[in-house]
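fold the stuff below for me.
(2 chains)
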2 protein chains.
Amino acid sequence: MARGPLMIIGGAEDKLRKRTILREFVAASGGPDARIAVIPTASSLGAEVVEVYDALFRREGAAEVVAIRPESRDDAHDPVLVKSLADATGIFMTGGNQLKLSAIICGTPLGDAIVDAHERGVVVAGTSAGASIQSSHMVAFGVGGSTPKQRMTQVAAGLGLLRSSVVDQHFAQRERYGRLLMIVAQSPQLLGIGVDEDTAAIVEHEVLEDGTDREVLRVRGRGAVTVFDPARITTNAYEAKRSAPLLASGVVLHVLPEGSAFDLTARELLPHVAEVAAEDVAELAEAGQDLRRLARDIAAGDVSPTTLKRRKARQTKKNPPSSRQDGAST
Amino acid sequence: MARGPLMIIGGAEDKLRKRTILREFVAASGGPDARIAVIPTASSLGAEVVEVYDALFRREGAAEVVAIRPESRDDAHDPVLVKSLADATGIFMTGGNQLKLSAIICGTPLGDAIVDAHERGVVVAGTSAGASIQSSHMVAFGVGGSTPKQRMTQVAAGLGLLRSSVVDQHFAQRERYGRLLMIVAQSPQLLGIGVDEDTAAIVEHEVLEDGTDREVLRVRGRGAVTVFDPARITTNAYEAKRSAPLLASGVVLHVLPEGSAFDLTARELLPHVAEVAAEDVAELAEAGQDLRRLARDIAAGDVSPTTLKRRKARQTKKNPPSSRQDGAST
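So this is what the prediction gives:
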């Protein structure tokens, strides 16, 4: 059975205008049948945060929204709390302090219940701290800056819904290039995934016809998802002193805007079905017709300079020099 | 003949304390025989800037420092100004506005004289704007941010001392990841080179024994040099609209701290001669001796449990468990 989708949101997702990402989460969770569990443990404003997401998810049509708010590892062992996840179709973890969230739920019955839910197909989403905790390795905290430096960040253990990876969020907005590069330089078996604000990396587990499976990351939202693949890295991270800038040579970089699809298993971009302008299609069809006519004329020995001139005049009239806008050339 | 070295400095080079980079520039220009031409055209504070560098270079032992300060393309055609470059052993271009600098000197006799000087072996250095102008393609201006977005920066033509490349400076400090990625996504034949503050990319043209040549970039200073190699990029830069985030998948990233050497021609890291701790060498030599003794004993049939025990005791005494510091494991 395929595992449930993960929605890894880079923080500051739009709540007031288009609400693309939150809407997509409710839809994936079953729309009018969605029963959503909100886990606000990362936040210091637990009740208020629940109130906001409760309103947002109901507005998008969710049938039910419940809050699950452990504030200690003891709470996360409470069978009543754990059981309330049993019939959830979607789980949403809020932003805040991811180390508080992971320290309270990872390795507890509640943490295990989230993993089980994911395994049986439930949608698991999280924003900011709730995004970070989804990977096997988690950025605990650290400083910004785009040059990777020794000791600029700390790693803790996440829930591991996304394996062999480390997720960072508010990626462009808080200049987290450097710290994510530092982590993959020290742990080159991990894939580094940086998610911008108001942007979601949606990871789906696909079982293919030949029985193999793969995880595919698709991007929604206003920013980009950055992937560092350090499989062939050359680095000095095992010997760099103090806070020295790190050598990180040969990292393959993928910056993925909305609409991109990336195979996390093969670590490569999936082909994009290009948008085709309707007028290009029409023009091509017409040119094809004209070519076929030309071929017939040649076969019939009916091509004189006059014929060609006439044909040319006809064509120019049909397709006047176009003035259509091209995004890149203006 | 090999071309002269380029020193591409990311701005804000240390002028007060160790002055590593400026000292290296004077040394490369001939030390006590150095005749340095300072070109402060990028700066709006021409005279003051010259005064500062004049004092700095003389303090490092330069024999002579002259200012060459064209303020218009007319000035840059002045034969007296041009001739003053003839016997320079080092040229230094200051920071400021690189578009002013390039608009005044590129394609003028003065600009050509800088290129000629480089061709005949003169050291050409520049910081900030003076760094940008050295590449074939130049960042004219643009905004910061680590996600590449359409139209976030403008490209103009540089002096072309460094071919097929685009240099950006103040790289980590002003978050210029995104704009450099945008440029290489639009022009994948260019190598993108981002230089941090107080850091120099020193490019040397090497003619090898087999007659081939290559350009090698070496890093000095406190930050790092970031290289984007887009040779195998997949991008949507030719069709992205407005200020959309760009797809840039498959870019090979190299972050190079001080001591790194990168072959710009082959686009690969050059092997690093690892630092070897003296105590490791001594320990290995001793172990080797002991192994040879063991081999002799085995050959002589002289290895009893007692012999081995004695040998072990001797060795532990000689090499007590070490307490040496390891940068990475503390």
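
going by C-alpha atoms from here, please, whenever you check contacts or count neighbours.
Fine.

look up which residues are beta-bridged to the residue in the stretch 101-250 of chain A that chain B sits nearest to.
The nearest approach of the stretch 101-250 of chain A to chain B comes at A:Ser249, 3.9 Å away (C-alpha to the nearest C-alpha). For A:Ser249, the beta-bridge partners are A:Thr234, B:His254 (DSSP bridges).

for burial, what's the neighbour tally of it?
A:Ser249 has 24 neighbouring residues, counting by other C-alpha atoms under 10 Å in any protein chain shown.

same check on A:Ala313?
11.

now do the SS call for it.
helix (DSSP: H, G, I helix; E, B strand; the rest coil).

please parse chain A into its domains.
Per automatic domain parsing, the structural domains of chain A span A:6-269, A:278-318.

rounded mean pLDDT for the longest one, please.
Mean pLDDT, domain A:6-269: 96.

what's the span of that domain, first residue to last?
Terminal residues of domain A:6-269 lie 19 Å apart, using C-alpha to C-alpha, to the nearest Å.

tell me how far that domain lies from the chain's centre.
9 Å (C-alpha atoms, centre = their mean, to the nearest Å).

still on that earlier bit, what's the most buried one of the domains of chain A?
The highest average neighbour count among the domains of chain A, using mean count of other C-alpha atoms under 10 Å in any protein chain shown, belongs to domain A:6-269 at a mean of 21.

thought A:Arg242 was touching A:Met152?
No: the pair A:Arg242 / A:Met152 is not scored as a contact, 9.7 Å apart, by C-alpha atoms under 8 Å.

one step back: the residue of the stretch 101-250 of chain A closest to chain B and B:Val255 touch, don't they?
Yes: using C-alpha under 8 Å, A:Ser249 makes contact with B:Val255 at a distance of 5.7 Å.

chain B contacts on the stretch 151-300 of chain A?
The stretch 151-300 of chain A has residues A:172-173, A:175, A:177, A:222-224, A:237-242, A:245-257, A:260, A:269 near chain B, with proximity defined as C-alpha under 8 Å from any C-alpha of the partner chain.

at 7 Å instead, please
With C-alpha under 7 Å from any C-alpha of the partner chain as the criterion, the stretch 151-300 of chain A meets chain B at residues A:172, A:175, A:223-224, A:238-242, A:245-257, A:269.

which ones among these are found in strands?
Of the positions in those, A:224, A:248-257, A:269 sit in strands, assigned by DSSP state E.

closest one of those residues to B:Glu13?
Using C-alpha to C-alpha, A:Ala248 comes nearest to B:Glu13 of those, at 23.0 Å.

and the closest one, how far from A:Leu181?
In terms of C-alpha to C-alpha, A:Ala248 sits 8 Å off from A:Leu181.

figure out the helix or strand that A:Glu48 lives in.
If you go by DSSP states H and E, A:Glu48 is part of helix A:46-59.

can you list contacts of that helix?
In this structure, residues lying in contact with helix A:46-59 by C-alpha atoms under 7 Å, 6 or more residues apart in numbering or on different chains are A:26, A:38, A:40, A:65, A:67.

now those residues in TSV, with secondary structure and distance to chain B?
Converted to TSV, these look like this (DSSP: H, G, I helix; E, B strand; the rest coil; distance: C-alpha to the nearest C-alpha, whole Å):
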residue	secondary structure	distance to chain B
A:Val26	helix	26
A:Val38	strand	30
A:Pro40	coil	29
A:Val65	strand	34
A:Ala67	strand	35
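
distance to A:Leu162 added to these, as a markdown table?
A markdown table is the format used below for these (distance: C-alpha to C-alpha, whole Å):
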| residue | distance to A:Leu162 |
| --- | --- |
| A:Val26 | 21 |
| A:Val38 | 20 |
| A:Pro40 | 20 |
| A:Val65 | 25 |
| A:Ala67 | 24 |
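
ok, A:Ala201 touching A:Leu217?
Yes: with contact defined as C-alpha atoms under 7 Å, A:Ala201 reaches A:Leu217; the gap is 6.0 Å.

contacting residues for A:Ala224?
A:195-196, A:199, A:255-258, B:147, B:245.

please name the bridge partners of A:Ala37.
A:Val66, A:Ile91.

sorry, back to before: and of the domains of chain A, who's closest to B:Pro79?
Nearest of the domains of chain A (C-alpha to C-alpha): domain A:6-269, 43.9 Å.

picking that back up, what's the farthest-apart pair in the contacts of helix A:46-59?
A:Val26 and A:Pro40 (17.2 Å).

nearest residue to A:Asp14 in space, please, no chain neighbours.
In this structure, A:Asp14 finds its nearest non-sequential neighbour in A:Asp198, 5.9 Å apart by C-alpha to C-alpha, 6 or more residues apart in numbering or on different chains.
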